[in-house]
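In: let's see this in three dimensions:
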Amino acid sequence: MIFHEVLDFNRFIGCSTILYGETNTKKTYYTAKFVQFLLESKNINPKDITILDFAPKLSIIKDLKIGGKIEDFYDKSSECNIISFEGEIIPPRLNANNKKELYENALKNYNKTHETLKNFNENPTSILIINDISIYLHQGNKKYILEIIRKANTFFGNSYYGSSIKRNFTTFFSIKEKRSVRYLLKRVDNAYTTQI
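Out: Residues are numbered from 1 along each chain as shown. Down below sits the predicted model:
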């Protein structure tokens with residue numbers, strides 16, 4: 001299904017939802033809007049909302065607008081339970097010159113994201129938000145992240161699912177990414193594609 005701005009966010013309470021699509025199709029923006037809805041319309045205690053932000057910081061690489069944090073779109077999201085990590089997420093394909101660097105980048109990202117998922121697993125909250133799930137899926141276990149998603153009463157996340165980010169040495173990497181994302185899309189309550 002296609003995600004529309006006019007959708008009633010109430011329908012996502014008590015469900016698991018993933019937005020997926022190309023770069024620059026407002027996935028993070030809509031995710032931030034859902035956090036805003038939870039805090040301002042539903043008056044949910046911010047400490048009951050965990051945010052795991054796996055996106056690289058907002059930048060333009062090779063004419064593509066990449067990344068962007070939830071906080072870039074809604075600054076009050078910083079009041080939520082943010083499980084952070086040291087350093088920054090690396091856009092793995094665009095910051096690599098060959099296959100070796102690609103997998104080194106993905107492994108560094110995995111080490112950061114897996115640690116935050118583990119922390120959530122040990123202290124879950126009723127609401128979980130994940131920005132850019134595909135960053136974890138490059139090297140992570142799709143079954144493990146599904147278990148994490150199911151720990152929350154309400155889950156809302158997004159994932160890259162497209163073809164604009166590619167290099168000549170990233171074909172297999174991108175195929176695996178799409179398969180892992182599809183695995184999750186089939187197992188959550190709601191899956192919406194985003195487009196401009």
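In: contacting residues around the longest helix along the chain?
Out: Among the elements of the chain assigned as helix by DSSP state H, the one spanning the most residues is helix 99-122. Helix 99-122 is contacted from outside by 50, 52, 54, 83-87, 89-93, 95-96, 128, 135-136, 138-140, 144-145, 147-148, 151, 167, 169-170, 173, using Cβ atoms under 8 Å, 6 or more residues apart in numbering. Quick note: C-beta positions are derived from backbone N, CA and C, even for glycine.
In: any quick ChimeraX command for the buried ones out of those residues?
Out: Remark: buried members of the contacts of helix 99-122, expressed as a ChimeraX selection using 16 or more other Cβ atoms under 10 Å:
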select :50,52,54,83,85,89,90,91,92,93,96,128,135,136,138,139,140,145,148,167,170,173
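In: wait, isn't residue 21 in contact with residue 181?
Out: No: contact criterion Cβ atoms under 8 Å: residue 21 and residue 181 do not qualify, at 10.4 Å.
In: what sits in contact with each of these two?
Out: A shared contact of residue 21 and residue 181, defined by Cβ under 8 Å, 6+ apart, is any residue touching both; here these are 160-161.
In: tell me where the chain has strands.
Out: Remark: strands of the chain, listed N- to C-terminal, are 16-21, 49-53, 59-61, 64-66, 81-82, 127-131, 154-160, 190-194; assignment by DSSP state E.
In: so who does residue 34 touch?
Out: By Cβ under 8 Å, 6+ apart, the neighbours of residue 34 are 9, 12, 129, 156.
In: wait, which of the residues you listed is closest to residue 190?
Out: Nearest to residue 190 out of the contacts of residue 34 is residue 12 (Cβ to Cβ; 6.7 Å).
In: what's the neighbour count on that closest one?
Out: Other residues within reach of residue 12, judged by other Cβ atoms under 10 Å, total 19.
In: leaving out sequence neighbours, find the closest residue to it.
Out: In space, and not counting its chain neighbours, residue 12 is closest to residue 156: 5.9 Å by Cβ to Cβ, 6 or more residues apart in numbering.
In: against residue 49, how distant is residue 43?
Out: With distances defined as Cβ to Cβ, to the nearest Å, the gap from residue 43 to residue 49 amounts to 12 Å.
In: quick one: which of the two has more around it?
Out: When residue 43 and residue 49 are compared for neighbours, residue 49 comes out ahead with 24 against 7, by other Cβ under 10 Å.
In: test my guess that the more buried one contacts residue 152.
Out: No: counting by Cβ under 8 Å, residue 49 stays clear of residue 152, with 9.6 Å between them.
In: circling back: select, from the contacts of residue 34, the two members most distant in space.
Out: The widest separation within these, taken as Cβ to Cβ, falls between 9 and 129 and amounts to 12.5 Å.
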